[in-house]
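**Q** Quick one, structure for this:
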Amino acid sequence: MDKLCSMREAIASSVTSGSSLVIDGFTHLICFAAGHEIIRQGIRDLTAIRLTPDLVYDQLIEAGCVKRLVFSWAGNPGVGSLHALRRRSEASSAQRLELEEYSHFGLLSRFLAASAGLPFWPLNNYFGGDIAQANPSIRTVACPYTGKVLATVPALHPDVAIVHCQRADREGNAQVWGLLGSQKEVAFAARKVIVVAEEIVSTEAIRRDPNRTLVPGIIVSHVVHEPWGCHPSFVQGFHDRDNDFYVQWEEISRKPESYQAYLDEFVFGVEDRKGYLKKLGSGVLDKLRAKPRPCEGVDYGY
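**A** Numbering: from 1, shown residues only. Below you'll find the predicted structure:
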């Protein structure tokens, strides 16, 4: 089945106000283009789920899209705070977020349980800190083999998962290399999956290199071709992380006025990702574009 469509069509079809959503990627392959399209479409009351809600979720929060945040760490990596999240986490905030916090492995385990079709996941964890006391979803169970008390977390089935990849075919078979996040677990846990790709290739090209296929097309709802859709995050083999952007973001996001000015110019002020890239300018793109370093191929012949 040909599932190729625009980002606008994919978001409009799959993400509605009140949805639970994961935009995955761990430093690498974070699809900012999807976040910006959600903002432009005025989607509200989202439950935003992510192990590391960094800038893309902070922008969703500032734009008023998020009601509840399920997470395990938050910040501007290597720089500082997420200021929209910080403002809306304070007791005095009129738009205070609902927060549900886990350890990294605790939240990943919720996806693992869902992707395996299990109601919960046991962990030998959470007994040395206070997170379990603050989160009633973290419970305990006695191991039926040893009698040991283990922590548990419930399965988590997001309504929508958005996964960026280096290449995919029109059926949604998505291939990833480089630093992995929780894309596979999130995709198998979600009710709908949007795959966003730097390149669209033939199914034959996918089959020639099967071990790179992280998400199979059978679970994918939509495929979007969106080169540079991850900026300022990076895509191995395509472009580097825009570290200057992350540093500058500290000042841009610190005050609501400068934050809103950014959203007005780079999100609301453009129709799509092409408009965003035009505003960035060719100098930024040329600086970040990856230099070739091809991997040696393997022979899958039989």
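**Q** Break this protein down into its structural domains.
**A** 4-102+157-288, 104-154 (automatic domain parsing).
**Q** which residues are in contact with stretch 264-271?
**A** 36, 39-40, 59, 63, 275-276, 278-279 (Cβ atoms under 8 Å, 6 or more residues apart in numbering). Heads up, the C-betas are built off the backbone N, CA and C, glycines and all.
**Q** Pop out the phi and psi values for residue 168.
**A** phi -150, psi 160 (degrees, to the nearest 10).
**Q** picking up where we left off before, what's the most buried one of the domains of the chain?
**A** domain 4-102+157-288 (a mean of 19; mean count of other Cβ atoms under 10 Å).
**Q** quick one: that domain to chain centroid distance?
**A** Offset of domain 4-102+157-288 from its chain centre (Cα atoms, centre = their mean, to the nearest Å): 5 Å.
**Q** That one: end-to-end distance?
**A** 27 Å (Cα to Cα, to the nearest Å).
**Q** try stretch 166-184
**A** End-to-end for stretch 166-184, by Cα to Cα: 14 Å.
**Q** one step back: where helices are concerned, which of the contacts of stretch 264-271 count?
**A** 36, 39-40, 59, 275-276, 278-279 (DSSP state H).
**Q** ranges for the strands of the stretch 201-302 of the chain?
**A** 213-215, 222-225 (DSSP state E, counting those that start in this stretch).
**Q** what are the pairing partners of the first one, and which direction each?
**A** As defined by DSSP bridges, the strand partners of strand 213-215 come to strand 174-175 (antiparallel).
**Q** Please name the residues that touch the residue lying closest to residue 152 once chain neighbours are set aside.
**A** Among residues not flanking residue 152 along the chain, residue 120 sits closest, at 4.6 Å (Cβ to Cβ, 6 or more residues apart in numbering). With contact taken as Cβ under 8 Å, 6+ apart, residue 120 is in contact with 113, 141, 152-155.
**Q** Equivalent analysis for residue 285, please.
**A** So residue 285 contacts 228, 239, 277 (Cβ under 8 Å, 6+ apart).
**Q** repeat that for 7 Å
**A** residue 277 (Cβ atoms under 7 Å, 6 or more residues apart in numbering).
**Q** try residue 239
**A** 228, 288-290.
**Q** Does it have any beta-bridge partners, and if so which?
**A** Under the criterion used (DSSP bridges), residue 239 bridges to residue 235, residue 289.
**Q** Quick check: it vs residue 156, distance?
**A** Going from residue 239 to residue 156 by Cβ to Cβ, to the nearest Å gives 31 Å.
**Q** could you pull out the helices for the stretch 1-150 of the chain?
**A** Along the stretch 1-150 of the chain, the stretches classed as helices by DSSP state H, counting those that start in this stretch are 7-14, 32-40, 55-62, 83-87, 104-115, 131-134.
**Q** With the stretch 201-302 of the chain instead?
**A** Counting by DSSP H, counting those that start in this stretch, the helices of the stretch 201-302 of the chain are 203-207, 243-254, 256-266, 273-280, 282-288.
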